[in-house]
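Peer 1: just the structure for this:
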Amino acid sequence: MSADDFALRSAVHDLYSSHSGWLRGWLRKRLDNHSDAADLVQDTFVRVLRARQATDIRQPRQYLSTVAKGLMIDLFRRRALEHSYLEALAALPEETWPSQETQAIVLETLMEIDRMLDSLGDKVRQTFILSQFEGLSYPKIAERQGISLRTVNNHMAKAIEQCCLIRMGLL
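Peer 2: Numbering: from 1, shown residues only. Reported below is the predicted structural model:
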């Protein structure tokens with residue numbers, strides 16, 4: 001193990017030992033759920049490990065609460081998306097429902113699409129939605145949004161680039 005790896009592991013250990021209890025309480029107050037709070041504490045420290053910046057953290061509670069807030073938002077978005085999907089399923093005859101495995105795959109795909117769309121600017125996102133979900137041609141999108149065809153092409157190129165980067169795990 002290199003000196004840098006040892007320093008990182010030591011910093012994460014110290015950070016966890018000193019602040020995990022505080023973070024769990026902080027999350028429990030906001031979530032009103034012990035299990036979710038415990039899960040998010042662990043997820044927060046996984047993010048800290050992956051970021052490999054634990055040795056540089058100067059204000060640990062502020063840093064940890066910022067990471068945890070992002071994870072809470074992800075949790076709420078995932079639950080809202082899951083709720084919407086389950087409502088849509090409930091509107092269908094039960095015999096047409098996909099298997100549990102397919103449902104899990106669909107939810108994961110929806111989450112990936114949601115993350116991708118969230119990473120786009122408003123105009124790029126709207127252009128992408130009009131093209132991919134509403135099936136509008138680029139000239140129709142340009143007309144509807146009052147932008148040039150070149151701008152539509154640029155927005156779509158940006159959206160597709162984001163899709164690829166997210167799919168490759170680079171974002």
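
Peer 1: gap between the closest residue to Ile166 other than its chain neighbours and Glu87?
Peer 2: Spatially, and ignoring its direct neighbours in sequence, Ile166 is nearest to Met116 (5.0 Å; Cβ to Cβ, 6 or more residues apart in numbering). Using the backbone N, CA and C atoms, a C-beta is placed for each residue, glycine as well. Counting by Cβ to Cβ, to the nearest Å, the gap from Met116 to Glu87 is 23 Å.

Peer 1: neighbour count for those two, which is higher?
Peer 2: The neighbour comparison of Met116 against Glu87 (other Cβ atoms under 10 Å) goes to Met116, with 19 against 9.

Peer 1: quick one: residues contacting the more buried one.
Peer 2: 162-163, 166 (Cβ atoms under 8 Å, 6 or more residues apart in numbering).

Peer 1: what about it, helix or strand, and which?
Peer 2: helix 100-118 (DSSP states H and E).

Peer 1: cool, and Glu134?
Peer 2: According to DSSP H and E, Glu134 maps onto no helix or strand at all.

Peer 1: quick check, pLDDT for the residue lying farthest from the centre of the chain.
Peer 2: In the chain, the residue that sits farthest from the middle, by Cα atoms, centre = their mean, is Ala3; the gap is 32.7 Å. According to the prediction, Ala3 has pLDDT 73.

Peer 1: and it, how far from Ser17?
Peer 2: 21 Å.

Peer 1: and if you look at Arg125?
Peer 2: In terms of Cβ to Cβ, Arg125 sits 42 Å off from Ser17.

Peer 1: of these two, which one has the most company?
Peer 2: Arg125 (18 against 9).

Peer 1: find the nearest non-adjacent residue to the more buried one, please.
Peer 2: Leu117 (5.4 Å).

Peer 1: sorry, back to before: among the contacts of Met116, which are in helices?
Peer 2: Per DSSP state H, helices hold the following members of the contacts of Met116: 162-163, 166.

Peer 1: tell me the contacts of Met72?
Peer 2: Residues in contact with Met72 (Cβ under 8 Å, 6+ apart) are 27, 30-31, 40.

Peer 1: buried ones among these?
Peer 2: The neighbour count (16 or more other Cβ atoms under 10 Å) marks 27, 31, 40 as buried among these.

Peer 1: closest to Gln100 among the contacts of Met116?
Peer 2: Distance to Gln100 across those (Cβ to Cβ) is lowest for Ile166, with 25.7 Å.

Peer 1: the closest one: how many residues sit nearby?
Peer 2: 15.

Peer 1: got the buried residues for the helix ranked longest in the chain?
Peer 2: Assignment by DSSP H gives helix 60-90 as the longest helix of the chain. Buried residues in helix 60-90, counted by 16+ other Cβ under 10 Å: 60, 63-65, 67-68, 71-72, 74.
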